[in-house]
Structures are given as structure tokens and as C-alpha cells.
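sequence? don't have it. structure:
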């Protein structure tokens, strides 16, 4: 489900175990009292699409890169894992392809984040190389095309 209010993404992003994994250092952000706030991104509906799972514990958000191409980001509360989370994520990926005009989703995941790299594979993304990101360092690149994904997982 697409959302245009930042409450749920902000709650997930600022959970203590989630915010640590995002390379966010609260002490570097006194202007927000140390909180990671996604308000501006959620409000920018031309460049961002925020989708939330029905239980509100998973947020996939997509940053416009080019027509039909979006970089995918994910946030999940630590209480939502396993098969249920993977199925919820697949439903949100499908929604992005079918209802929000995406033809290609891509992402770059830090090599040290093994769980996130596995998550990308389990929701249908394919590895397409490696690069060094200017903030987080070595990353694995992933992509997920609408044609391949819908063919593999069904329309």
C-alpha cells in the first residue's frame, strides 16, 4: 500500500537495531534530535514511492533514477522476518511493477550486510556486479526487471 505520511517509515527507521544498520549516527544530527526523518522523501511523490506492508512492519521505498527505473531501499522491524516478510516484500515489489510504473528496480547493498543481500535474492533480484559506494564502501549491485519478475513470480 502506498503511503504519503512519514509516520511508519520514521518509526521503522528509528528503531534502535534498524537505525544502527543504516550508518546513521544520531550524534551527527542535532538538528533532528538525532532522529532519521524521511518526511521530505515521503512528501516528494514525484521522486519517491513508499510502500508499506499490511502489518506496518516493512517499508520498501523506491527512489526515481530514470523513467521506469527506481532504486529500491528497504526497512523492516526486527520482529518481522522469515517467510512472512519475504512474501510481504514480494507483494510490494509486484505492486511497484504493476501499479506504479516501474520497469526496473535496482539496488546496492553493502557487502557486510549479508542478510540484506540474501533478502534481495529471495525477493527475485539478480546480482549484477560490485562497486564501491562513497559512504558505505564495497557493495553488491542488484536488479529486478518487470518482465523477468512477472514471468518468474506471476502477474
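That came through, no problem. Please read all numbers here as calculations on a predicted model, not as lab measurements.

and the pLDDT at residue 74?
Looking at residue 74, its pLDDT stands at 95.

verify the stated contact: it with residue 57.
No: Residue 74 lies out of contact with residue 57 (CB atoms under 8 Å); the separation is 11.5 Å. Every C-beta, even on glycine, is put in place using the N, C-alpha and C of the backbone.

so between these two, which is more surrounded?
Counted by other CB atoms under 10 Å, residue 74 and residue 57 do not tie: residue 57 has more neighbours, with 21 against 18.

what sits closest to the more buried one if chain neighbours are left out?
residue 80 (3.6 Å; CB to CB, 6 or more residues apart in numbering).

what sits against the one you found?
53, 55, 57, 58, 88 (CB atoms under 8 Å, 6 or more residues apart in numbering).

would you confirm that the first one contacts residue 88?
Yes: under the criterion of CB under 8 Å, residue 53 makes contact with residue 88 at 4.0 Å.

now this structure, which segments are flagged as low pLDDT?
Per-residue confidence for the chain (pLDDT under 70) gives these ranges: 154-155.

next, give phi and psi for the residue lying farthest from the centre of the chain.
Using CA atoms, centre = their mean, the residue of the chain lying farthest from its centre is residue 30. It sits 25.4 Å away. With angles defined as degrees, to the nearest 10, residue 30 sits at phi -70, psi -20.

next one: the one 5 residues further on
When quoted as degrees, to the nearest 10, the phi and psi of residue 35 stand at phi -80, psi 140.
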